[in-house]
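**Student:** following is a predicted model, sequence given first.
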Amino acid sequence: MHARFTPSLDALAPALRSALAHELDQADFSGWLSAAQAASLMRAGGMDEDALCFALLPLAAACALAPVSRFNVGAVARGVSGNLYFGANMEFIGAPLQQTVHAEQSAINHAWLRGEKRLRGISVNYTPCGHCRQFMNELNSGTDLMIYLPDRSPATLGNYLPDAFGPRDLAIHTLLMDGVDHQYGMMAPNGRGARAVKSPGARADRLYAAAQGADPAQAASGRPAAGSPGKGAESVNDPLAQQALQAANQSHAPYSQAHSAVALQTADGRIFAGRYAENAAFNPSLPPLQSALILLNMAGADCATLQRAVLLEREGAPFSQWDATRSTLTALGCGEISRYWLT
């Protein structure tokens, strides 16, 4: 079990504590519970889903990285599948506050990356800020999404965001969490536009060799992963770039068409891929780097162990993720940062 969970787990009632400890002790626990696991915990604790999610909030908040605010926020997203997904706020020393991740964004993105198709609701230990309310309005759940707060009656997002402006006002029909495949390929590493930046002392050969043993089926779990190029892709023998391509083909950018993704590799060879999630109000958009960092954090990995990263984006898009991605990864100490173009 990750040490961050111990204090919150100790505060739970004995029956629930014992049942939950069994799940947290699993080597592959990555911050989410299947519908079957959630049902088992409800039986063990003699509680309904609302009570279980509130009980889980301190454990989700224990995943927060808040070196600036020192204010931990936790969220639990509820999928239509019955699965539950942890989320927590993330701040990064050395990076602008605009790079911060909110707990609600974290839980929603976590569910999205795990393949959840729609959310029924989200439990949070503090009232969602305006930024998060707008972010949630991008979902295919819309203003019907239920929000659960301690000591308050459940209410819809529409209650928290009256007279909402969102994708439907802009005639956008593909919403966040809808299934998509953009069918991009990518430019080979030595082709025009491929770019790599290596920090002093980075050992690219060793990192590349470690990546070769990755398994494509495990990308979402954070285990070593590889993938295959999308339709029309040139051959790129780089598992990290291949996972970025898979993520980019599922990214959400209906306003700018600036689809993008980031794949990260840690020192132990695990790969975490994240996708861009654009918002109708633009500012609440979640960059692909933060999307990947959320998955990394929920899996219990350490941002300080990042050794290699790949950004994949469209050449000629209205804007680029490159500068923000590079500066934040540099602040985190990532040794090698590369960019390829979507084709």
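**Tutor:** Perfect, I can see it now. Numbers count the residues shown, from 1 in each chain.

**Student:** scan this structure for its longest helix.
**Tutor:** helix 49-61 (DSSP state H).

**Student:** contact partners of the helix or strand that it is followed by?
**Tutor:** Next helix or strand after helix 49-61 toward the C-terminus (DSSP states H and E): strand 74-79. Contact with strand 74-79 is made by 49, 53, 56-64, 84-88, 103-104, 106-108, 110-111, 116-125, 146, as judged by Cβ atoms under 8 Å, 6 or more residues apart in numbering. C-beta here means a position set from N, CA and C on the backbone, and glycine is covered the same way.

**Student:** tell me the buried residues within those residues.
**Tutor:** 49, 53, 56-64, 84-88, 103-104, 106-108, 110-111, 116, 119, 121-125, 146 (16 or more other Cβ atoms under 10 Å).

**Student:** can you tell me the element Phe92 falls in?
**Tutor:** Going by DSSP H and E, Phe92 is not in any helix or strand.

**Student:** what number of residues lie near it?
**Tutor:** By other Cβ atoms under 10 Å, 21 other residues sit near Phe92.

**Student:** doesn't Leu332 make contact with it?
**Tutor:** Yes - Phe92 is within contact range of Leu332, at 6.4 Å (criterion: Cβ atoms under 8 Å).

**Student:** between those two, which contacts overlap?
**Tutor:** By Cβ under 8 Å, 6+ apart, the residues touching both Phe92 and Leu332 are Cys303.

**Student:** residue ranges of the helices in the chain, please?
**Tutor:** 6-10, 14-24, 35-45, 49-61, 103-113, 130-136, 157-160, 204-211, 239-248, 288-298, 322-332.

**Student:** now do the buried residues in the last one.
**Tutor:** The reference is to helix 322-332. Here helix 322-332 shows 324-326, 328-329, 332 as buried, counting by 16+ other Cβ under 10 Å.

**Student:** mean confidence for that helix?
**Tutor:** Average pLDDT, helix 322-332: 96.

**Student:** what residues does it touch?
**Tutor:** 92-95, 99, 197, 199, 262, 287-289, 303-304, 306, 309, 311, 313, 337, 339.

**Student:** swap the cut-off to 7 Å and go again
**Tutor:** Applying Cβ atoms under 7 Å, 6 or more residues apart in numbering, the contact partners of helix 322-332 are 92-95, 99, 197, 262, 287, 289, 303, 306, 309, 311, 337, 339.

**Student:** the shortest one too?
**Tutor:** The set of residues that contact helix 157-160 without belonging to it, under Cβ under 7 Å, 6+ apart, is 128, 133, 136-137, 143, 145, 147, 164.

**Student:** make it 6 Å
**Tutor:** 133, 136, 143, 145, 147 (Cβ atoms under 6 Å, 6 or more residues apart in numbering).

**Student:** Tyr184: which of those is nearest?
**Tutor:** Met136 (27.2 Å; Cβ to Cβ).

**Student:** dump the residue contacts of the closest one.
**Tutor:** With Cβ under 6 Å, 6+ apart, Met136 has these contacts: 145, 157.

**Student:** how close does it sit to Asn297?
**Tutor:** Note on Met136: its distance to Asn297, by Cβ to Cβ, to the nearest Å, is 20 Å.

**Student:** can I get stretch 134-147 in PDB, CA atoms only?
**Tutor:** Provided in PDB are the C-alpha atoms of stretch 134-147 (Å, rounded to 0.1, in the frame of the first residue of the first chain):
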ATOM      1  CA  GLN A 134     -17.100  25.300 -16.500                       C
ATOM      2  CA  PHE A 135     -14.700  22.300 -17.100                       C
ATOM      3  CA  MET A 136     -17.500  19.900 -16.100                       C
ATOM      4  CA  ASN A 137     -20.000  21.500 -18.500                       C
ATOM      5  CA  GLU A 138     -17.900  20.200 -21.400                       C
ATOM      6  CA  LEU A 139     -18.800  16.600 -20.500                       C
ATOM      7  CA  ASN A 140     -21.400  14.600 -22.400                       C
ATOM      8  CA  SER A 141     -23.300  14.400 -19.000                       C
ATOM      9  CA  GLY A 142     -23.900  18.100 -19.300                       C
ATOM     10  CA  THR A 143     -25.700  20.000 -16.600                       C
ATOM     11  CA  ASP A 144     -27.400  16.800 -15.500                       C
ATOM     12  CA  LEU A 145     -24.100  15.700 -13.800                       C
ATOM     13  CA  MET A 146     -24.800  15.200 -10.100                       C
ATOM     14  CA  ILE A 147     -22.500  16.900  -7.600                       C
END
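
**Student:** how about it: buried residues?
**Tutor:** 134-143, 145-147.

**Student:** pick out whichever of these sits closest to Phe272.
**Tutor:** Phe272 lies nearest to Phe135 out of these, by Cβ to Cβ, at 20.7 Å.

**Student:** list the contacts of the closest one.
**Tutor:** Contacts of Phe135 by Cβ under 6 Å, 6+ apart are 105, 279, 284.

**Student:** for Ser106, see how far away it is.
**Tutor:** For Phe135, the distance to Ser106 equals 11 Å [Cβ to Cβ].
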